[in-house]
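Q: Need a 3D model of the sequence below.
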Amino acid sequence: MDTPTVHPEPRDAWLVPILRRILAGDAVERLLAAPGESLWITAVRRHLTTDAAILAEAAAVTGLAIWDGAPPDEAARALVADEWARRFAIVPIELTASALTIATATPFDLDCEQALAFSTGRAVRMVLASPSAIVAALDAVEMEVGDQGPGQPKSDDAAASTADDSIDGTIIRLVDSLISEGITARASDIHLEREASGVAVRHRVDGMIRNVRTLDADTGLPLVSRIKIMAGLDIADRLRPQDGRMSVTIGAGQVDLRVSTLPAAHGEKVVLRVLDTRAGGATFDSLGLSEDALARLRALLDIREGLVLVTGPTGSGKTTTLYAALRAIQQRGVNVVTVEDPIEYRLPGIVQVQVNTRTGLTFASALRSILRQDPDVILVGEIRDAETAAIAVQAALTGHLVLSTLHTIDAAGAIARLDDLGVDRYKVAAALKGVIAQRLLRKLCESCRERDETTPGPALGRWIASTAPRWREHGCSTCGRTGFRGRIAVVESMAVSPAIERAIASGGAADTISDAARAGGMVRLWESGIERVVAGTTSLAEVSRVLDIPLPPATDALVRRARESLPAFPTRRITAALDDFELVEPG
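A: Just a heads-up that it's a prediction; the model follows:
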């Protein structure tokens, strides 16, 4: 016995009772028995009825209006990606602050309604249109975009899928204005944070966050969507963090931006990192280091093999210092390969590898492959895990110069961090050639700085004489009334001497290693900062804001004994408990 053919239910099965009102006899049963995706399209193609007849009856039954064929709203078109419109066979025709209106031939498609409501953050309103009208409208939009020609790219990212005439002009101008304002204000980061009352715009300038203005809450979603489109991100995915890049033209120059989105309570937060192309071409001479620090750094990079680390918190200029080191090393005519996440600046003459965890290209796996590429110098953007640390140390032990970064508070702390990652101390002692700890201090504005006549307190008086010339911030139009303009680096450079190597191999604590480094001439971060105060480059208050004041010797000894007897007790807690009693050193 033959098995009867079972056809899948058509997408517009909701039309069955409506077609029964229009068609005579068993016409509906014949439609259901015939293979086909759409009852509507099949009925019209067979001349059983017309689009107008179905629309009139469907409107009477559902109470929905019929689309009059008016051109779709540009903002609505920009908010709904073309692939989504094709997938659900809809035309986005109107956009307001609270609702998106679409033309559809399947008004009871819950998947479509839920997906659009979720991705746009608006209620979805529907009007009826025939399948042929929807296809014609989508094709017309496609042709309109195509007519712009291949010579008129919409953005520098090939993934961008919108142009100035396919999104609300107000939002386009707003995004352009926000980026331009941020770059003009010398912001390193532009923050767009959606709050209950609106969208807060903040700039990070010289390491400090400034509140700029608050935009209307209604601009939040289209603002984020516009930036996502420019960066080649998925505007429909609002639940996962995303990262991308884009380039914009400001005046006669081009600026690269790194875009990061993060789902938050009131909507996605967006941070635009302004990638200063000058950092990619930085040299040691351009870092503004003191002569002594510069000499120690150059001596450290004269080595041909081993591990050199740059440490400090996020935003302390580690990447700029590493690129300056690469440019100095590149002059030797060596093969340099980097593995980074992300690649912030493109360096000519250097092979740069972008980490991609989704494809399995991690720091560790990339590093293994790089070792088979005959490198002389390897830059690892960051040592984050035990596997990467082990491979980097092994590469340093087998004749390569390896440069990388760690997040530690000082130079000596790098050894403890590698210890935490499980690298054997004897390997660290043999591989490590030097550590550069770094911070950035704001520079006093030379247009308005003024003499600081105040007397330093007892804790600061140990480090700077009350008669020493000092300057402080005042504020003018040149510096945005902050008193500071630009930043400079202060560093402590620890070259691994035989004494330090023995201390590392024997399991010495960070204090012991630091003492050995200072005996060999290392200048601590704090001391480097004080040198800048005496030189008039920054203020004593700025150094105190960024760096911890070293403890007097007697207090330092107490802290070390407390640390040895209470290893789990935080050092900062011990220090805080002693501060009030050690303003003046005893004896």
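
Q: Would you confirm that residue 489 contacts residue 438?
A: Yes. Residue 489 lies in contact with residue 438 (C-beta atoms under 8 Å); the separation is 5.7 Å. Quick note: C-beta positions are derived from backbone N, CA and C, even for glycine.

Q: who has more neighbours, these two?
A: The neighbour count for residue 489 versus residue 438, taken as other C-beta atoms under 10 Å, is higher for residue 438 (25 against 22).

Q: for that one, helix, strand, or coil?
A: strand (DSSP: H, G, I helix; E, B strand; the rest coil).

Q: beta partners of it?
A: Taking DSSP bridges as the rule, residue 438 bridges to residue 491.

Q: Distance of it relative to residue 329?
A: Using C-beta to C-beta, to the nearest Å, residue 438 is found at 18 Å from residue 329.

Q: and what of residue 40?
A: 69 Å.

Q: the more surrounded of these two?
A: Neighbour count, other C-beta under 10 Å: between residue 40 and residue 329, residue 40 has more, with 26 against 20.

Q: Now do the SS call for the more buried one.
A: The three-state label given to residue 40 by three-state DSSP is helix.

Q: Enumerate every residue touching residue 451.
A: 469, 470, 471, 472 (C-beta atoms under 8 Å, 6 or more residues apart in numbering).

Q: State the phi and psi torsions of it.
A: phi -60, psi 140 (degrees, to the nearest 10).

Q: Identify the bridge partners of it.
A: Listed by DSSP bridges, the beta-bridge partners for residue 451 are residue 471.

Q: per-residue pLDDT, it?
A: At residue 451, the model reports a pLDDT of 91.

Q: State the distance from it to residue 206.
A: 22 Å.

Q: same question, residue 133
A: Taking C-beta to C-beta as the measure, residue 133 falls 57 Å from residue 206.

Q: Ok, residue 215 next?
A: For residue 215, the distance to residue 206 - C-beta to C-beta - is 24 Å.

Q: Please apply the same query to residue 59.
A: Residue 59 is 62 Å from residue 206, by C-beta to C-beta.

Q: Those two: who's more crowded?
A: Higher neighbour count among residue 59 and residue 206: residue 206, with 20 against 15, using other C-beta under 10 Å.

Q: Model confidence score at the residue lying closest to that one once chain neighbours are set aside, please.
A: Excluding its sequence neighbours, the residue lying closest to residue 206 (C-beta to C-beta, 6 or more residues apart in numbering) is residue 442, at 4.8 Å. Looking at residue 442, its pLDDT reads 92.

Q: What values do phi and psi take at residue 442?
A: The phi/psi pair for residue 442 (degrees, to the nearest 10) reads phi -70, psi 140.

Q: let's number from 38 now, not from 1
A: In the new numbering, first residue 38, that becomes residue 479.

Q: residues in contact with it?
A: Applying C-beta under 8 Å, 6+ apart, one finds that residue 479 lies in contact with 243, 244, 245, 521, 523, 524, 575, 579.

Q: what's the answer for residue 471, then?
A: Contacts of residue 471 by C-beta under 8 Å, 6+ apart are 337, 340, 343, 345, 346, 530, 531, 532, 533.

Q: hang on, the fourth one is in a strand, isn't it?
A: Pointing back at residue 345 there. Yes. Applying three-state DSSP, one finds residue 345 inside a strand.

Q: Wait, it touches residue 339, no?
A: No. Contact status for residue 345 versus residue 339: not in contact, 10.9 Å apart, counting by C-beta under 8 Å.

Q: of the two, who's got more company?
A: residue 345 (23 against 10).

Q: How much space separates the more buried one from residue 370?
A: Separation of residue 345 from residue 370 (C-beta to C-beta): 19 Å.

Q: host element of the residue nearest to residue 527 when sequence neighbours are not counted?
A: Spatial nearest neighbour of residue 527, chain neighbours left out: residue 565 (4.1 Å); criterion: C-beta to C-beta, 6+ apart. Remark: residue 565 resides in helix 562-571, with elements defined by DSSP states H and E.

Q: Follow the chain on from that helix and name the next helix or strand.
A: Reading on from helix 562-571 to the C-terminus, the next helix or strand found by DSSP H and E is helix 577-583.

Q: How far does that following helix sit from its chain's centre?
A: 28 Å (C-alpha atoms, centre = their mean, to the nearest Å).

Q: Which parts of the stretch 488-624 of the chain are strands?
A: 508-509, 521-532 (DSSP state E, counting those that start in this stretch).

Q: can you tell me which residues contact the residue nearest to the spatial centre of the chain?
A: The residue lying closest to the centre of the chain (C-alpha atoms, centre = their mean) is residue 297, at 4.2 Å. Counting by C-beta under 8 Å, 6+ apart, residue 297 touches 278, 279, 280, 307, 308, 310.

Q: What about the residues you listed, which one has the most neighbours?
A: Going by other C-beta under 10 Å, residue 307 tops those with 23 neighbours.

Q: just for this structure, where's the confidence low?
A: By pLDDT under 70, the low-scoring segments of the chain are 38-47, 72-74, 179-205, 287-290, 313-320, 322-323, 588-624.

Q: ok, now which ones touch residue 484?
A: Residues counted as contacts of residue 484 (C-beta under 8 Å, 6+ apart) are 513, 515, 516, 522.

Q: The second one: neighbour count?
A: Right, residue 515. Residue 515 has 12 neighbouring residues, counting by other C-beta under 10 Å.

Q: The nearest residue in space to it that is not next to it in sequence and residue 513: what is the separation?
A: Leaving out its chain neighbours, the residue that sits closest to residue 515 by C-beta to C-beta, 6+ apart is residue 484, at 4.4 Å. For residue 484, the distance to residue 513 equals 5 Å [C-beta to C-beta].

Q: Quickly name whichever of the contacts of residue 297 is closest to residue 325.
A: Residue 325 lies nearest to residue 310 out of the contacts of residue 297, by C-beta to C-beta, at 21.7 Å.

Q: Can you tell me the element that closest one falls in?
A: Residue 310 belongs to strand 306-312 when assigned by DSSP H and E.

Q: That strand pairs with which strands, parallel or anti?
A: Using DSSP bridges, the strands paired with strand 306-312 are strand 226-232 (antiparallel), strand 290-299 (antiparallel).
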